[in-house]
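> structure for this input, please:
(chains A, B, C, D, E and F)
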There are 6 protein chains.
Amino acid sequence: MKNILMAFFLVAIPLFSIAQPEQPVEQWKGKTILLIGAHPDDDSYSMGTLGMLNANDNEVYIVILTTGNVGTQDPKLGMMDLALIRKQEEQAALATMGIPLDHYINLGYDDGMLEYEDQKEVVSRLVRMIRKIKPDVLFSFDPGKGSQRWHKADHRASSYLSADAARAAMWPLMFQGQITVEGLEAHTIPEYMLYDSAEKDKNTWVDITGWEERKVDALSKYVSQFSAGWSDYKGPELSPEDEEEMKNNLRRWLKYKDGVPIEGFRHYAGLPDNIGR
Amino acid sequence: MKNILMAFFLVAIPLFSIAQPEQPVEQWKGKTILLIGAHPDDDSYSMGTLGMLNANDNEVYIVILTTGNVGTQDPKLGMMDLALIRKQEEQAALATMGIPLDHYINLGYDDGMLEYEDQKEVVSRLVRMIRKIKPDVLFSFDPGKGSQRWHKADHRASSYLSADAARAAMWPLMFQGQITVEGLEAHTIPEYMLYDSAEKDKNTWVDITGWEERKVDALSKYVSQFSAGWSDYKGPELSPEDEEEMKNNLRRWLKYKDGVPIEGFRHYAGLPDNIGR
Amino acid sequence: MKNILMAFFLVAIPLFSIAQPEQPVEQWKGKTILLIGAHPDDDSYSMGTLGMLNANDNEVYIVILTTGNVGTQDPKLGMMDLALIRKQEEQAALATMGIPLDHYINLGYDDGMLEYEDQKEVVSRLVRMIRKIKPDVLFSFDPGKGSQRWHKADHRASSYLSADAARAAMWPLMFQGQITVEGLEAHTIPEYMLYDSAEKDKNTWVDITGWEERKVDALSKYVSQFSAGWSDYKGPELSPEDEEEMKNNLRRWLKYKDGVPIEGFRHYAGLPDNIGR
Amino acid sequence: MKNILMAFFLVAIPLFSIAQPEQPVEQWKGKTILLIGAHPDDDSYSMGTLGMLNANDNEVYIVILTTGNVGTQDPKLGMMDLALIRKQEEQAALATMGIPLDHYINLGYDDGMLEYEDQKEVVSRLVRMIRKIKPDVLFSFDPGKGSQRWHKADHRASSYLSADAARAAMWPLMFQGQITVEGLEAHTIPEYMLYDSAEKDKNTWVDITGWEERKVDALSKYVSQFSAGWSDYKGPELSPEDEEEMKNNLRRWLKYKDGVPIEGFRHYAGLPDNIGR
Amino acid sequence: MKNILMAFFLVAIPLFSIAQPEQPVEQWKGKTILLIGAHPDDDSYSMGTLGMLNANDNEVYIVILTTGNVGTQDPKLGMMDLALIRKQEEQAALATMGIPLDHYINLGYDDGMLEYEDQKEVVSRLVRMIRKIKPDVLFSFDPGKGSQRWHKADHRASSYLSADAARAAMWPLMFQGQITVEGLEAHTIPEYMLYDSAEKDKNTWVDITGWEERKVDALSKYVSQFSAGWSDYKGPELSPEDEEEMKNNLRRWLKYKDGVPIEGFRHYAGLPDNIGR
Amino acid sequence: MKNILMAFFLVAIPLFSIAQPEQPVEQWKGKTILLIGAHPDDDSYSMGTLGMLNANDNEVYIVILTTGNVGTQDPKLGMMDLALIRKQEEQAALATMGIPLDHYINLGYDDGMLEYEDQKEVVSRLVRMIRKIKPDVLFSFDPGKGSQRWHKADHRASSYLSADAARAAMWPLMFQGQITVEGLEAHTIPEYMLYDSAEKDKNTWVDITGWEERKVDALSKYVSQFSAGWSDYKGPELSPEDEEEMKNNLRRWLKYKDGVPIEGFRHYAGLPDNIGR
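A predicted model of the protein is given here:
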């Protein structure tokens, strides 16, 4: 029950969960941002926001759990081929957004198999990342999305493992070795931007005006995922026609609200244990 | 994120998830149907539909995960006794519906213990079944049912494992041994009939007129489950009075809509990853 | 499917799930009550009700899964220190409510790690408890709470493991060793009081008039959790000022309905498999 | 490395491992003896010694891991039948040797499946037994027997799990919950009698003169294992002829050394970590 | 303890373990032979013997656990490529020896990962194979080889899993689903030929005179493993010079005893539980 | 079988396993050395050798699996206290030998629990270390020691996990993520120095003349393990008398051969799969 009342004493973070960021996301500065995703394109949901935050003097880190090494219908590609392609695609996309390449960390798990890895170890590795990066804000798949309700998948695993890691990271007596022998400190993440939320759960829409075309550019690097390359990969370079078609598809996927290009999130501030209240 | 956009390129299956079958279920012909359930009577929810589909020149396969070997309150029955009884009951029920006995496959897990089996191995075995049978439609416990919301059980396990298997079966790089050494092919199931759904989630009601009494007949074979045999099993034959009482109970369990006997489902068409959208 | 129809034959327990207790909780007598929780203060949600039931000639048992040995932000406390402090706090709280100390059983798992313990073994141990104590009513974290929807935690684990154990306990062929070599009997719990439910799911409010201050007294024993002791523990005794501040905080946490002090639950009666219907 | 040197400081137990008991086993008095085995007849190797020790004012406890519920070739017997038969046989055998029935504890695991149970939990349960019973001497399957070298089996599992538990039991910071919430204390077993050892490893032969016929009597209770009852069980009572034949077989299995009836062991005294040196 | 004495009653198989086959292997006829190995070339140790047995009217089956899909230092090869190459190599080798291709069964696990698969499931699958094929003799990696003593590997895993499966297969109450729903029967393998044994443990040398060159032919099909193809694979066809060099290497690997070409084994006859005595 | 023959083609490492180092250890220069151990004092067996190698222009790295956080009988110490003490002790010991502190890596697992961690993940982490450090020689607990034969322990786990990791590290298709996304390369360790071997298995004795007193100095830092600090820890500083007594004990533990101070090892050169031949 401690979780309910301990907010009395943890004054550094909000007393009750707050659904709207106090300061608009567009004005954030000097924050450390961590995004956790399952595949090397799961930052697509947030790409405009991440680019803008990075440009606004925030530090943006991307931790991806799997190499994405099974996500193809092209019989010519093996697992190592695909992992290398997707690493290059991810790096190209981040470069497009101006995010430093050494802020991209991939934990190297096999795509599609995250459910079957040892949950304690994966959480331990995410806790280490959180305690190292000390994020002010965590971007994560929303653990309350339909993915929970209807099926299991890497996305669901990613959302759950992230929530678990956020929770564990704050307790110095959990995963003690990170504290004692690695010299890290317990860290409480006070704020969350949950992506791929159900529409009805979104409460925050970030205005990405000025970043929308750059987002399309970045996403157009994911040739193996969003173009004909998905079933017949021919390298990272597309013909001008194919690139234009791909970009048009991606432009249609952009979301607008009252004519303003946006990315929608469920925002949450408070203790990780109460993330769903 | 690939799952959202890859429908651009997978033209063989619907672009967006479709909640109603394009062709009424009553008119389906030439399809391959696979039902996955946890116990050797979990086809009861769909028995009328399955019988009708079988009669209409569709191929109907039943894969049951457990032998049902703990489902009794009769202290005289051991686990092997009960497994044999339930195998005979299932075969009798399928025979009543005209479904060929060699279309019934039981994976042999212990009843009540499905949660504790190695999830990767169970999924692997279901993926093998899907790649062998190549169903056009999967009948499965609805992963979005209350079973998820309120408790864990074989039914929940069955629904999740089925969804996971449907997802994995489509990727040639997952469970590769089935492709390379067994010579199977990746298979994408395009359409789903989810049974035991919450009432509010059902979107498809199959008219089983003409099959209702045969369904009662089939279900009346489950003597160890739906009659006094549950606490005091005396063999597959009931006295005429007991059989009539059992059938009357079963008749009361039939569902009607506007006087028409129906079986309700949540129908879904699309990629398995989007099964809940 | 047996679960749907077997109620025909299990006349000792209600035919259909019943959302309101037939007899008001305030009038219960001679019942055996079992509460299962994750931490040595998870009885806080139900403390008034438990005290009243105990006073009304019901037998109240408390089974807690973990020692609570990581729940502190005080760097001076080690895991064993904290486990001992919380044991003493729990005993003091129960003594305040008049509940016999030998009715408190702690299974000794490490706090925060319940997710990673072998689920089959934890369920087996809870099943043993149920078969020994033979409760008429189980108090449990509500498995349908937001904890399921948004994150994983010991609370979620506790709710699920309890539901699983309630289900397994009724089948004599599950965890057979408890029946054959330990001489226990299968036991079906007919009635459930689920605590920490979502507000919209609560259907039963117990009037704890006359017990509210005693509840505050009991909860005030949890010095390591609900006072400044959470970050700087100085022993079980608080200064008069600190104790008064802590009690005032706890009083603010009490719930009232039309001026009456209450504790709210989701009540359920029926077979454990149907707990969510 | 601590294990090598820590004997400098642990004066209560021998400095170096000692292969022969200082005091002949036949003269032991006032000791607490714990035997751990896999099946409800694994005490057969030591039955004469146990009976003699019990008669000589030592406390003898028997902890058996499995119910023995698959050890039959009789198709008429189910798992629960067999578990009950073997419990009765074990109790009859112990009664014959004069060992109190409440000194027999069966942990209830399924026979043949010990390898697949969660090793941490089984060890935890054995540690609890050791900390409760506080044995001076542990009788265990010899972990160095051929069972390790050539195959896996419950016997190997039993030997390893016992050695692991003996090791863990001495560290107060391992399985802390047993110390903090159950109030047990760490316990170091100083002396070991390892049974079913390879002949070349035996170093201690207990003279069971006067106990040999009583041992045969005790073992003759294991009708389901050592008589025709193994393939066709007809109850605990044998015909006089069958009983005599069974006893004759058992007499032939007795071991003699220079005409003296003996039971051979590998004796070891020292820290459990050094059990093999 | 049953294992020691039950041989009294199991007259169909030898009373005590017998280290030499009663009938010379060269004279065996009408037997069913099963070899279990980890990789699609682990039959190399026994290839001459298998070919001869097959020619002498015995039925020879080969069950391989992994696809061998990581066994290369050639960076051009992916996992699926290699699995297909090794399948083709294995089939070519067996064809050379005259063993029917449908007697080759590959369980499809990933090479190098056998240690980390669920042991219960792998054993279950091997038990199914044993109960289907009903071998008179099992060829297996020797569980007592140095592989046990010095390191863990697929070979060790294969030897242990085989021994475990042989043991479990004989008990009708283990892996019951195979008996009840699949209609298989418990099967006791009475005789074992353990390959890759330590030299000092070998007790049986099969005279493969007349089969040695055919063995070299067969092994020369493993181009990806025993030729320059290991680091630079160029297809199944070698140049005449390369093929000759490879065959010469393989010829040097043949073993002779007193000028006679032989294959050495540790032979064992008896109950699987006593395989090491 | 590839392991036997592949040495034909892997000319960079010895054809057959070689039991004696070609070049005396005392003359090694320019090598990279990796020691893997379970506890932060397991380098004690090799401390003289490591110091000498470090002084002789070799790079020495120490990877320890656990924090050593349960290795005490002092009831005043908690797990975090002990982990910090042992880290400081290890650093002091390495400093004494001149080994750079940033060559010490602790993986942070809990002491005594290594057996129960996910084996695949621990191996994966060791493989990463091997691929990063690219050692020419691995110092490891000898997997063939009595620890295997008689009991399970962190030492056994450490020896096995190291052997497994050495084996896996050489295959580029194993733990692929380390290759593809982390940019590491497969690495084959050609030479092994196995410590804590059985006396009969030692084949290499390193002359540590000139390093013996420094070794005693280094080991005297392990106050919590080798002094009265084991049961009553009073800080890293001992009184002059206590320090002298501790050093005298440690001096007695030094090994001599023909008057020369030595450290004995089982040396092995060859493929890791053949480590035991």
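
> for the stretch 101-250 of chain A, just list every one of the helices.
Per DSSP state H, counting those that start in this stretch, the stretch 101-250 of chain A carries helices over the ranges A:119-133, A:146-150, A:154-169, A:176-180, A:212-219, A:223-226, A:240-253.

> tabulate these (a markdown table), appending distance to chain D, mean neighbour count and mean pLDDT.
In this view, the C-beta of every residue, glycine as well, is placed from N, C-alpha and C. Converted to a markdown table, the helices of the stretch 101-250 of chain A look like this (distance: least, CB to the nearest CB, whole Å; neighbours: other CB atoms under 10 Å in any protein chain shown; pLDDT from 0 to 100):
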| stretch | distance to chain D | mean neighbour count | mean pLDDT |
| --- | --- | --- | --- |
| helix A:119-133 | 12 | 21 | 97 |
| helix A:146-150 | 27 | 23 | 53 |
| helix A:154-169 | 19 | 26 | 88 |
| helix A:176-180 | 12 | 22 | 96 |
| helix A:212-219 | 45 | 21 | 97 |
| helix A:223-226 | 39 | 26 | 93 |
| helix A:240-253 | 46 | 14 | 95 |
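
> indicate which one of those helices is closest to D:E263.
For D:E263, the closest of the helices of the stretch 101-250 of chain A is helix A:119-133, at 44.3 Å, according to CB to CB.

> what's in contact with that closest one?
A:32, A:34, A:36, A:61, A:63, A:65, A:105, A:107, A:109, A:114, A:138, A:161-162, A:164-166, A:168-169, A:174-175, A:178, A:182, A:184-187, A:189, C:113, C:115-116, F:117-118, F:121 (CB atoms under 8 Å, 6 or more residues apart in numbering or on different chains).

> report the inter-axis angle for it versus helix F:119-133.
Helix A:119-133 and helix F:119-133 are oriented at 40 degrees to each other (axes from the mean of the first three to the mean of the last three CA atoms, to 10 degrees).

> for chain D, what are the nearby residues on the stretch 51-200 of chain A?
Not one residue of the stretch 51-200 of chain A sits near chain D, judged by CB under 8 Å from any CB of the partner chain.

> helix/strand/coil for the residue lying closest to A:L107 once chain neighbours are set aside?
Excluding the flanking residues, the one nearest A:L107 by CB to CB, 6 or more residues apart in numbering or on different chains is A:L65, at 5.1 Å. Secondary structure for A:L65, judged by DSSP: H, G, I helix; E, B strand; the rest coil, is strand.

> counting neighbours, which of the contacts of helix A:119-133 end up buried?
The neighbour count (16 or more other CB atoms under 10 Å in any protein chain shown) marks A:34, A:36, A:61, A:63, A:65, A:105, A:107, A:109, A:114, A:138, A:161-162, A:164-166, A:168-169, A:174-175, A:178, A:182, A:184, A:186-187, A:189, C:113, C:115-116, F:117-118, F:121 as buried among those.

> show me where chain A has strands.
A:32-37, A:59-66, A:104-109, A:137-141, A:191-195, A:204-207, A:255-257, A:260-269 (DSSP state E).

> quick one: closest of those to F:K215.
strand A:104-109 (38.9 Å).

> neighbouring strands of the closest one in the sheet, and parallel or not?
Here strand A:104-109 has these sheet partners by DSSP bridges: strand A:59-66 (parallel).

> how much does the partner strand deviate in direction from strand A:137-141?
When the same axes, to 10 degrees is applied, the directions of strand A:59-66 and strand A:137-141 differ by 30 degrees.

> name the residues that touch strand A:59-66?
Contact with strand A:59-66 is made by A:31-40, A:42-43, A:50, A:53-54, A:90, A:94, A:99, A:103-114, A:122, A:126, A:129, A:133, A:135, A:154, A:157-158, A:161, F:177, as judged by CB under 8 Å, 6+ apart.

> would you agree A:Y104 is in contact with A:Q91?
Yes: assessed by CB atoms under 8 Å, A:Y104 is found in contact with A:Q91 at 6.7 Å.

> more neighbours, these two?
Using other CB atoms under 10 Å in any protein chain shown as the criterion, A:Y104 and A:Q91 rank with A:Y104 on top: 22 against 15.

> the more buried one bridge partners, please.
A:I62.

> list the residues that contact it.
A:Y104 is in contact with A:Y61, A:I62, A:I64, A:E90, A:Q91, A:L94, counting by CB under 8 Å, 6+ apart.

> would you turn those residues into TSV with pLDDT?
Output for the contacts of A:Y104, formatted as TSV (pLDDT from 0 to 100):
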residue	pLDDT
A:Y61	98
A:I62	98
A:I64	98
A:E90	97
A:Q91	97
A:L94	98
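
> list the contacts of the closest residue in space to A:T180 that isn't next to it in sequence.
Leaving out its chain neighbours, the residue that sits closest to A:T180 by CB to CB, 6+ apart is F:A83, at 3.6 Å. Contacts for F:A83 (CB under 8 Å, 6+ apart) come out as A:Q176, A:G177, A:T180, A:V181, F:T67, F:G68, F:N69.

> now, which of those sits nearest E:E263?
Using CB to CB, F:G68 comes nearest to E:E263 of those, at 48.9 Å.

> give me the number of neighbouring residues for the closest one.
Counted by other CB under 10 Å, the residues lying close to F:G68 total 33.

> if I look at the nearest residue to A:P100 once chain neighbours are set aside, how far off is chain E?
Spatially, and ignoring its direct neighbours in sequence, A:P100 is nearest to A:L94 (7.9 Å; CB to CB, 6+ apart). Using CB to the nearest CB, to the nearest Å, we find A:L94 at a distance of 27 Å from chain E.

> residue contacts, A:L94?
Applying CB under 8 Å, 6+ apart, we find A:L94 in contact with A:D43, A:I62, A:P100, A:L101, A:H103, A:Y104, A:A218.

> now A:G259. Its backbone dihedrals?
Per-residue torsions, A:G259: phi 80, psi -10 (degrees, to the nearest 10).

> quick one: low-confidence parts of chain A?
A:1-19, A:145-152, A:274-277 (pLDDT under 70).

> and the residue lying closest to A:K255 once chain neighbours are set aside, how far from A:V206?
Nearest-residue entry for A:K255: A:I262, 5.7 Å, with adjacent residues in sequence omitted and distances by CB to CB, 6+ apart. Using CB to CB, to the nearest Å, A:I262 is found at 6 Å from A:V206.

> so how far is C:H155 from the residue nearest to A:L107?
Distance, A:L65 to C:H155, by CB to CB: 25 Å.

> before we move on, what about A:E237?
To C:H155, A:E237 is 51 Å away according to CB to CB.

> distance to D:G229 added to the strands of chain A, as CSV?
What follows is the strands of chain A, written out as CSV (distance: least, CB to CB, whole Å):
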stretch, distance to D:G229
strand A:32-37, 61
strand A:59-66, 56
strand A:104-109, 53
strand A:137-141, 60
strand A:191-195, 64
strand A:204-207, 73
strand A:255-257, 75
strand A:260-269, 66
